[in-house]
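1. just a sequence and a predicted model for now, questions to come.
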Amino acid sequence: MSFTQVLLCMRKSLEEEHPYTSELQEPLKKPDDIIEAIERSKQTGDHSEIHNLLKDRNINLRTAIEEDIDGVKKKRTIARKLLEDAVNGNKIVKKELDIHVTAKGDKEDSIEYALEIDFEGILCKDSPKQTMVLYDLLDLRVEKRSESNEAFTNLIKHPVIASFIALKWKKTQWYFYTTSLIFMSFLLFYSVFIIYLFNRPEVYCSKLEKLLSEKKNKEIQDSFLFPEGTKQERNACERHQARISKKFLTDFDDNFIICEMFFLTFFIFLSAMEIYQAIKLKRQYFKELENYIEWVVLISALITMMFKEIILQSNWEAALVRGIAAVGICAAWLELIFIIGRYPFRGGDFSIMFYNIIKKLVRYVIAMLLMIIGFAFAFMVVNFGHDQDSFENPIKSSMMTLTMALGEFNFEDMYNTFKKDSTSRGFAMVLLVLLILFGTITMVNLFIAVIISDISQLREDVYTQNLINMAQCSILVEELLPSCILKKMRVEDKMVVCLHSLCPKGCSGTKLSPNLKPVVDQLNELAKLNSEEQDRINSHKVKGSSSQTQAAILISGITF
């Protein structure tokens, strides 16, 4: 199979329309009326016919629909059909979700007052898997990221969907806690592995001792080396100087092999979980920066294990392996910050802010990079022929310029470098002033302004990311466990939400977490709108019946 064929196969697997195709219930019989109504709405701009059909035929968003597209039968949920084929299909889905929120009781101070959320609009009673509509929203959000991101994000934050995610998370959170514990264990053994290889011995090794330790004369070593050191210190320093390391999982005489075994075990488990997530989440998986960081950690750990025998040597291959190991262990600890941020509403908001800010700053780093490269070349030219080694090549000059842009100018050293060459010094000072103005004052402070310019939006992003993290965890658990266990983890079809500030005993509602306050506010607003709509419908019915009564009396009077 050629490389092109492999890429096409991968693309086809990623573009499968639904991971739950086999789990969807029997497709809707006679779907032509729904399909035709959606097509007519594209011309008329009226969605009322679609809503009436869904209501009259008792069709919810989770119902499966099958149709022929280019000679191929495509099976998907009604929600996905509406979002993919209808104009502003998000409005149709939102209205269908809105009608599932009703108020119980008339007065807010009554113990009976509460809001009822009906999840039947997104669930199927016959299927143990409840997250199919949720998967469609997340998947389409990724697929149409640049086009309609806000529309799908608003649907995910809809109070019905958000409340369902919160309830489902309570049933599936054990999975995330387990994987987090496994990663932390992996990180612990990875760190111990790095410490064991690279920790310097805390004994004094003079240049003479290092020179003598390179000689193979055992008598000289015993006579002059480490006169006050212990045998363990001598062995440690000798091993450090000799750069000796055995192959991974081969030194059975050393107790450290236990650490290597656990390190390898957790590595295999985490790698398997990442592959599993990539298969199940498809596009969603490859759109998250965090997943790429996890693969950097795993690949660097694998290389460190494979080349443990040469990692301490002084050749370029060993230097390359050490560099990869350094990047990997650093990325692993950064990943721990992101994992803490995945703990929804448990102090992880800071970590999610950190993650979102990193993604936002990437867009602006390019501008700063271009500026740094320009000044780096300028300083390299101006400093030619002088004793300033910091600007002798483009890479070194770029790193020095970046350091200067962040505030470390080394003004005195730069000024004295030119000695009697006042012309070059003048140009260098002009460049330094421009770097201070454009870099330190403007660019760096612009980064700070970007971060803190809209705190409310940043908090909104954190709330959205929390919901997405919980939803993805629930989807993975439903794919992992058998149906007999999933049936015990089902969310009830209806939920009663308590809205009292202070609630006495006897209240039948459930208090939502304070972090879900946006859900409570939206539920209140929806309940009022639905109540007003119902009142209008009832008043129209009353007026209609009274008009019919008056007409009947009038007709009977004329007849008489």
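-> Thanks, I have it.
2. part of a strand, is F252?
-> No - residue assignment for F252, taken from DSSP: H, G, I helix; E, B strand; the rest coil, gives coil, which places it outside any strand.
3. what's the spacing between it and M261?
-> For F252, the distance to M261 under the criterion Cβ to Cβ, to the nearest Å works out to 11 Å. Every residue, glycine included, has its C-beta placed from N, CA and C.
4. and if you look at E120?
-> Counting by Cβ to Cβ - E120 and M261 are separated by 50 Å.
5. now do S300
-> Here the criterion is Cβ to Cβ. By it, S300 lies 19 Å from M261.
6. who's more crowded, the two?
-> In terms of neighbours (other Cβ atoms under 10 Å), S300 is the more surrounded of S300 and M261; the figures are 22 against 12.
7. point out where the stretch 101-250 of the chain drops to low pLDDT.
-> Across the stretch 101-250 of the chain, the ranges flagged by pLDDT under 70 are 145-148, 200-244.
8. what's the local residue count around F193?
-> The criterion is other Cβ under 10 Å. On that basis, F193 has 22 neighbouring residues.
9. likewise for the one 5 residues further on?
-> When neighbours are defined as other Cβ under 10 Å, F198 has 14 of them.
10. same thing with D70?
-> Using other Cβ under 10 Å as the criterion, D70 is surrounded by 5 other residues.
11. what does I92 give?
-> Going by other Cβ under 10 Å, the residues that sit close to I92 add up to 22.
12. and it, what are its phi and psi?
-> Backbone geometry at I92, expressed as degrees, to the nearest 10, gives phi -70, psi -50.
13. begin at 355 from now on, thanks
-> I'll keep to 355 as the first residue from here, and by that count the last item is I446.
14. surely it touches H405?
-> Yes - in this structure I446 lies within contact range of H405 using Cβ atoms under 8 Å: 7.1 Å.
15. now do the shared contacts for the two.
-> Common contact partners of I446 and H405 (Cβ atoms under 8 Å, 6 or more residues apart in numbering): none.
16. what about I647, distance to L812?
-> The spacing between I647 and L812, counted by Cβ to Cβ, is 21 Å.
17. let's see the helix or strand containing F801 as CSV, backbone CA atoms only.
-> For F801, the element it lies in under DSSP states H and E is helix 798-806. C-alpha atoms of helix 798-806 as CSV (Å, rounded to 0.1, in the frame of the first residue of the first chain):
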residue,chain,number,x,y,z
VAL,A,798,5.7,42.6,26.0
ASN,A,799,3.0,44.9,27.5
LEU,A,800,0.7,44.0,24.5
PHE,A,801,1.0,40.4,25.6
ILE,A,802,-0.1,41.3,29.1
ALA,A,803,-3.0,43.4,27.7
VAL,A,804,-4.2,40.5,25.6
ILE,A,805,-4.2,38.3,28.6
ILE,A,806,-6.1,40.6,31.0
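18. what packs against it?
-> Helix 798-806 makes packing contacts with helix 703-736 when contacts are defined by 3 or more Cβ pairs under 8 Å, 6 or more residues apart in numbering; DSSP states H and E.
19. repeat the analysis, applying 6 Å as the threshold.
-> Contacts defined by 3 or more Cβ pairs under 6 Å, 6 or more residues apart in numbering; DSSP states H and E place helix 798-806 against no helix or strand at all.
20. can you give me phi and psi for the residue positioned nearest the centre of the chain?
-> Nearest to the geometric centre of the chain sits E642, at 5.2 Å (Cα atoms, centre = their mean). Backbone torsions for E642, taken as degrees, to the nearest 10, come to phi -100, psi 120.
21. I'd like to know how many residues surround the nearest residue to M768 once chain neighbours are set aside.
-> The shortest distance from M768 to any residue other than its chain neighbours is 6.4 Å, reached at A782 (Cβ to Cβ, 6 or more residues apart in numbering). For A782, the neighbour count with other Cβ under 10 Å is 22.
22. quick one, strands of the protein?
-> The residue ranges that make up the strands of the chain, judged by DSSP state E, are 418-423, 426-431, 455-458, 468-472, 848-852.
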